[in-house]
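Engineer: sequence and predicted structure are below.
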Amino acid sequence: MPLRIYNTLTSTKEEFKPGEPGKVSMYVCGVTVYDNCHIGHARANVAFDVVYRYLQHAGYEVTYVRNYTDIDDKIINRANKEGVEFSVISERYIKSFDEDMARLNLALPTHQPKATEYVGEIIALVQKLIAKGAAYPVDGDVYFSVEKYEPYLKLSGRNLDDMQAGARVDVDERKQNPMDFALWKGAKPGEPFWESPWGKGRPGWHIECSAMSMKLLGETFDIHGGGKDLVFPHHENEIAQSEAASGKPFVRYWMHNGFVNINAEKMSKSLGNFFTIREILERYDSEVLRFFLLSAHYRSPIDFSDHNLADAEAGLERIYSSLAAARELMASGNAVPAGGHDADARAELQEKTEALQGHFCAAMDDDFNTALAIAHVFDLVRAINRVVAAKNVDAQVVSLLEKAGEEIAVIAKVLGVLDSVPAEFLSRMKARKSSDLAIDAAEIDRLVAERTAARKARDFKKSDEIRDQLHAMGIELLDSAAGTEWRVK
RNA sequence: GGCGACGUCGCCAAGUGGUAAGGCAAAGCUCUGCAAAAGCUUUAUUCAUCGGUUCAAAUCCGAUCGUCGCCUCCA
């Protein structure tokens, strides 16, 4: 089955055909580095990380470019507020972004260009647009003339007249059309600047992406991604600039991820209802966050809440518990003779294992349906659990469980979750949960030992009292043949 | 006002013409001194509402209600 991608340009799912067979060129709008990233940034970057990984998994040679916008009004404002150079701000938050992305297990893109490193290309592009009559300089600024690019607004499906009728922006009299946008901004006193044919200034917001993508990927490339909120004006303007300059189609497939919501409302800096990635990672494991983000389709809105994160955590634990139990059973050796009464479970496990990659690829081929892909993993988990529950170890069971584990590992590599050692993930969760307890581990161990002694003496009244006491503090006791373990509820 | 998206079990969430995936929660069972944990099993004749098209619709069309997004910086 061929890969199909939802293309914002046509509002339909289309079969994916790269410009050059076997190769994919892809550009994703990164962040403006003026503050720590929030969960919305995490979602966008995780979504396209999975696109990147899956394309590679599907056999493509992928060139993936993700930029840093490191010069911008917000960066300058913050620098002024702190009384430092703008580069101090941009470098600080580039580092912060890189750390966050690493914690979320993102693969490194092929190129991570910075706008400030492409000022030469940007100036050349602006000159080309002026030469073609698509742009005009005014008082040290340069504007793109939207009327000179006839298909303007083809991505967002609007028309210029309606836009202007509802425009909430102040009209700048120097613009030929109120919708014209800045390619180059003249520097005000005290602002950082680069020399240009129009005087001292800096790039406008949109032009950098055109300059960097065309330099690194060519004038036409395969995939351009970003959040839904970038459709207008950012991507619309990128198309206008790029196509007016090159005379060629800019991008084949436009992909846009949905928002992260808080109580059904968009999470954003301007609304102030956002959580940074760092804040969330203090409370949840990074793998849990990533798993949560992949549990919905990338174009759907996803509601961020403690409840939903806890659900995701429980789901991930279910998978890892199953994997850990399977490993434990395999490690226990072939001590238990085959009974044969679990033949159905074995057959099911074999069937699900063999079907997994096919199901996974079908889900991912359908516009990267990670939610469905994960559901298939859960299907296999149930089959594993059935076999493990039979506790009937022989060579066939070991081989089946090994194979199932290998198949999950292949998927884990694409999704960037489930690639921890099961026992390590589980103990990570335990450590995280026990870190904010009112009682320390040694004290718990002492009480557990006391209870074990009481149980041995068949003093169940006392042993139950200890259990209730620990329970009241949020500690759960797990009795088994091997002894008593505890964990945090 | 213009453009667009969405409304599927208590919660999360796939499914976009062929008769409702998966997870969480819940219930029953196994296990247990009893529990807990874990595992297994079960859980939507129905997809916001009302009409229409079709042999067949959650899926297509129309209307209504509700929620949200873009139109200003935003992933």
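Structural biologist: Cool, got the structure.
Engineer: what's the closest non-adjacent residue to whichever residue of the stretch 201-350 of chain A sits closest to RNA strand B?
Structural biologist: Per Cβ to the nearest atom of the strand, A:G227 is where the stretch 201-350 of chain A lies closest to RNA strand B, at 1.9 Å. Where C-beta positions appear, they are placed from N, C-alpha and C, glycine not excepted. Spatial nearest neighbour of A:G227, chain neighbours left out: A:A44 (5.0 Å); criterion: Cβ to Cβ, 6 or more residues apart in numbering.
Engineer: what about the one you found, neighbour count?
Structural biologist: Residues within reach of A:A44, counting by other Cβ atoms under 10 Å, total 28.
Engineer: please, which helix or strand holds A:E402?
Structural biologist: For A:E402, the element it lies in under DSSP states H and E is helix A:395-415.
Engineer: so which elements touch that helix?
Structural biologist: Contacting helix A:395-415 under the criterion 3 or more Cβ pairs under 8 Å, 6 or more residues apart in numbering; DSSP states H and E are the following elements: helix A:39-57, helix A:306-331, helix A:343-365, helix A:370-390.
Engineer: now the first one and helix A:395-415, what's the angle there?
Structural biologist: Counting by axes from the mean of the first three to the mean of the last three Cα atoms, to 10 degrees, helix A:39-57 points 120 degrees away from the direction of helix A:395-415.
Engineer: residue ranges in chain A under the pLDDT threshold?
Structural biologist: Applying pLDDT under 70 to chain A flags the ranges A:165-171, A:333-341, A:436.
Engineer: how about A:G19, what does it touch?
Structural biologist: Shown in contact with A:G19 (Cβ atoms under 8 Å, 6 or more residues apart in numbering): A:S25, A:T220, A:F221, A:D222, A:R252.
Engineer: let's have those in a markdown table, adding secondary structure, neighbour count and distance to A:T353.
Structural biologist: A markdown table is the format used below for the contacts of A:G19 (DSSP: H, G, I helix; E, B strand; the rest coil; neighbours: other Cβ atoms under 10 Å; distance: Cβ to Cβ, whole Å):
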| residue | secondary structure | neighbour count | distance to A:T353 |
| --- | --- | --- | --- |
| A:S25 | strand | 24 | 35 |
| A:T220 | coil | 16 | 42 |
| A:F221 | strand | 25 | 38 |
| A:D222 | strand | 24 | 34 |
| A:R252 | strand | 20 | 36 |
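Engineer: residues contacting the nearest residue to A:N105 once chain neighbours are set aside?
Structural biologist: Counting by Cβ to Cβ, 6+ apart, A:G416 is the residue found nearest to A:N105 once chain neighbours are left out, at 4.5 Å. Shown in contact with A:G416 (Cβ under 8 Å, 6+ apart): A:V46, A:D49, A:V50, A:R53, A:L104, A:N105, A:L106, A:A107, A:R290.
Engineer: wait, which of these is closest to RNA strand B?
Structural biologist: A:V46 (10.1 Å).
Engineer: residues near the closest one, how many?
Structural biologist: Neighbourhood size, A:V46 [other Cβ under 10 Å]: 26.
Engineer: for A:A389, same thing?
Structural biologist: Counted with other Cβ under 10 Å, A:A389 comes out at 12.
Engineer: what does A:K456 give?
Structural biologist: Other residues lying near A:K456 total 9 when counted by other Cβ under 10 Å.
Engineer: for the stretch 151-300 of chain A, which residues are neighbours of RNA strand B?
Structural biologist: A:156-159, A:162-163, A:165-169, A:205, A:226-234, A:257-261, A:264-270, A:295-297, A:300 (Cβ under 7 Å from any atom of the strand).
Engineer: out of the residues you listed, list just those in strands.
Structural biologist: Among those, the subset assigned to strands under DSSP state E consists of A:G226, A:G227, A:N257, A:V260, A:N261, A:E265, A:K266.
Engineer: quick one: which of those is the most crowded by neighbours?
Structural biologist: If you rank these by neighbour count (other Cβ under 10 Å), A:N257 sits at the top with 27 neighbours.
Engineer: tell me the buried residues in the helix or strand hosting A:Y93?
Structural biologist: Using DSSP H and E, A:Y93 falls within helix A:86-103. Buried residues in helix A:86-103, counted by 16 or more other Cβ atoms under 10 Å: A:F86, A:I89, A:S90, A:R92, A:Y93, A:I94, A:S96, A:F97, A:D100, A:M101, A:R103.
Engineer: quick revisit: so the residue of the stretch 201-350 of chain A closest to RNA strand B bridges to which residues?
Structural biologist: For A:G227, the beta-bridge partners are A:N257 (DSSP bridges).
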